[in-house]
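Enquirer: Provided below for reference: sequence and predicted model.
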Amino acid sequence: MKKLLCASLILVAFFACKKTDDDDPPPPPADKDVVDLFPTNNEISGWTRYMTMRVAVNETELEAMIDGAAVAFINRGFVKGADQKYTGDAGGATDTLTLFICDMGDTANAHGIYDDLAQPTDTPWTGDNPGDEARIDENLLFAWDIEFRDGEFYCEVSIEDENKTEASKNVAKLFALNVSQAIRDTTSASP
């Protein structure tokens, strides 16, 4: 009888201490892959991918993609980067837009590269801006350039426009906001 009582107590103790599935914390969200953050054809109306997306997963590939600027990204912990060209109509003219997204591994590295690449001609983009902070270089001759950081990602949107119209600037802003939304979207995390 004592053996049966001891065995019963051990089983009761085991089941009382066992965690249930309800006690388990939810799994962490899957990391976003930079490739999945790029708008698809006509996701931004009238804008389609042009040329093949370039992807860099090591220093050599990143240097081939962004040449001299690669060192700053490598020193700040670059994980993976990609760029894609788009073509579309911004206010009556066909323009080319280049989108570059880089996974910097963590928020501190993304903040660091964002600070490293700041120019005195940059204007902070506040209000409805994408990400954690954003800026626009409005002093380029034939282009608009937007940079922002969002979590562990650094992003740059450049649109060529010889007339520098507000329409092309608004397209660049729309791309930036679209990418930021994709970064923050918790329903489409990569497996």
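Expert: Right, received. Where do you want to start?
Enquirer: per-residue pLDDT, Phe142?
Expert: Each residue has a pLDDT score; the one for Phe142 is 89.
Enquirer: could you find the closest non-adjacent residue to it?
Expert: Take Phe142 and drop its neighbours on the chain: the residue closest to it by C-beta to C-beta, 6 or more residues apart in numbering is Glu162, 4.7 Å away. Heads up, the C-betas are built off the backbone N, CA and C, glycines and all.
Enquirer: need the strands for the chain, in chain order.
Expert: The residue ranges that make up the strands of the chain, judged by DSSP state E, are 48-56, 80-89, 94-103, 122-124, 133-137, 143-150, 153-160.
Enquirer: want to throw the ones you listed into a markdown table with distance to Ile183 and mean neighbour count?
Expert: As requested, the strands of the chain are exported to a markdown table (distance: least, C-beta to C-beta, whole Å; neighbours: other C-beta atoms under 10 Å):
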| stretch | distance to Ile183 | mean neighbour count |
| --- | --- | --- |
| strand 48-56 | 17 | 15 |
| strand 80-89 | 13 | 19 |
| strand 94-103 | 9 | 21 |
| strand 122-124 | 20 | 13 |
| strand 133-137 | 13 | 21 |
| strand 143-150 | 5 | 24 |
| strand 153-160 | 6 | 24 |
